[in-house]
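In: Quick one: sequence plus predicted model below, questions after.
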Amino acid sequence: MRTIAIDMMGTDLGVSPIIGALKVFIKKYQDVKFILVGNEREIQTAAVKAKLDPARYEIVATTEVILMTEGLMEVRRKPDSSMVRAAELLRDQKVDAFISGGSTAAFLAACHFIVGEIPGISRPAFMPFIPTIKKGKVVLMLDVGANLENDAQDLVNFAIMASVYAQTIMNNPTPTVGLLNIGEESSKGKDYHKEAHKLLTANSKVNFTGNIEPRDITSNLVDIIVTDGFTGNITLKALEGMAKNLMGIIKHELTKNIFRKLKALTLRKAFRGVRETFDYRNNASALVLGLKAIAIKTHGSSDEKSWISTLTMAYMAIVNDFVQKMTVKLLKED
């Protein structure tokens with residue numbers, strides 16, 4: 001039986017979306033149970049109301065909450081917080097994965113100080129899935145916010161880790177890797193971009209195809225895109241904002257008058273397909289690559305649909321023994 005710990009507190013929408021997602025998820029996957037960490041009364045009330053199967057979860061009661069607005073020091077100041085206790089369960093190998101939708105800064109601190117990194121990895125990375133123009137196809141992009149700065153070797157490590165993920169979980173034997181840059185030429189970018197280009201080209205563990213420009217992120221040109229955390233975070237939020245605003249503009253233009261509304265009815269299925277493709281809730285979370293165990297960060301505003309995709313990501317990483325395979329690949333000499 002697989003076991004996943006969930007930090008139930010500190011999110012924007014409370015425990016109800018998580019409980020709702022669990023109810024759907026456990027019907028599909030019979031070999032997983034959950035440890036729900038946080039305010040016992042609040043969790044139990046929501047679970048009973050939703051008629052969540054009591055055999056599939058247990059509650060670990062805590063007395064403290066790290067708020068969304070709080071930072072990394074709260075991991076030390078609030079030792080009985082739901083986030084800290086959930087991370088400790090992962091550290092002590094009492095669960096197979098740990099999920100949180102709480103403060104990003106505190107989450108990263110918990111991952112570093114409590115869970116710990118794989119030997120040789122000094123900077124883990126957030127890796128979300130980005131939809132592309134090819135239906136059902138996503139590109140893995142990292143880092144998108146676990147770090148403010150990265151060097152060339154970090155980007156090489158990111159490429160290796162993401163390649164293992166694509167091979168073991170996405171069944172892609174030779175995933176292609178692109179380096180996010182301002183131009184396709186190897187001479188473009190800052191010094192660490194140029195150094196990363198050389199290192200990636202020479203590394204036999206990755207299928208490096210060269211630089212990729214931001215305008216081509218969703219063009220299905222590569223399977224993996226590596227970048228520093230600061231640039232990646234800005235890029236991710238720009239993409240999410242553009243997708244949301246574009247769908248808003250389309251809806252506004254199609255409902256301007258009765259004639260457009262009638263025409264739009266004939267294309268409802270097509271527009272619904274576009275909306276579903278770029279709905280970030282289908283890939284609302286980011287796996288933290290480089291840790292000794294599986295930890296996943298989801299949006300603080302995640303709804304039930306978002307949580308279902310997050311739970312699925314955790315489950316797939318567990319059943320495919322992703323961390324062990326990644327560790328072996330990282331430590332293996334070229």
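Out: Looks like it came in fine.
In: where does the stretch 201-334 of the chain have low pLDDT?
Out: Residues of the stretch 201-334 of the chain that meet the criterion pLDDT under 70 lie in 263-264, 267, 270-284, 333-334.
In: all helices of it, in order?
Out: Using DSSP state H, counting those that start in this stretch, the helices of the stretch 201-334 of the chain run over residues 229-254, 258-266, 268-277, 304-319, 322-331.
In: Can you say which of those helices is packed in most?
Out: helix 304-319 (a mean of 21; mean count of other CB atoms under 10 Å). (Glycine included, C-beta is placed from N, CA and C.)
In: State the pLDDT value of Pro79.
Out: With respect to pLDDT, Pro79 scores 94.
In: ok, Ile308 touching Phe25?
Out: Yes: Ile308 lies in contact with Phe25 (CB atoms under 8 Å); the separation is 6.0 Å.
In: distance of the residue most central in space within the chain from Asp96?
Out: Nearest to the mean C-alpha position of the chain, by CA atoms, centre = their mean, lies Ala286 at 1.0 Å. Ala286 sits 18 Å away from Asp96, taking CB to CB, to the nearest Å as the criterion.
In: ok, back up a step: to Val115, which of the helices of the stretch 201-334 of the chain lies closest?
Out: Nearest of the helices of the stretch 201-334 of the chain to Val115, taken as CB to CB: helix 322-331 at 10.6 Å.
In: for the closest one, packing partners?
Out: The contact analysis (3 or more CB pairs under 8 Å, 6 or more residues apart in numbering; DSSP states H and E) places helix 322-331 against helix 152-168.
In: pLDDT on whichever helix or strand comes after the helix it packs on, on average?
Out: Going down the chain from helix 152-168, the next helix or strand is strand 176-180, by DSSP states H and E. Strand 176-180 shows a mean pLDDT of 97.
In: Please apply the same query to stretch 141-156.
Out: Across stretch 141-156, pLDDT averages out at 91.
In: And the helices of the stretch 201-334 of the chain: which comes nearest Met8?
Out: Nearest to Met8 among the helices of the stretch 201-334 of the chain is helix 304-319 (11.0 Å), distances taken as CB to CB.
In: Return the distance of that closest one from the chain's centre.
Out: Chain-centre distance of helix 304-319: 10 Å, with CA atoms, centre = their mean, to the nearest Å.
In: Just to check, Ala317 is in contact with Val323?
Out: Yes: with contact defined as CB under 8 Å, Ala317 reaches Val323; the gap is 7.4 Å.
In: okay, and the common contacts of these two?
Out: Taking CB atoms under 8 Å, 6 or more residues apart in numbering as the criterion, Ala317 and Val323 both touch Ile294.
In: To what extent is Leu295 buried, counted in neighbours?
Out: Residue 295: Ala, not Leu. For Ala295, the neighbour count with other CB atoms under 10 Å is 29.
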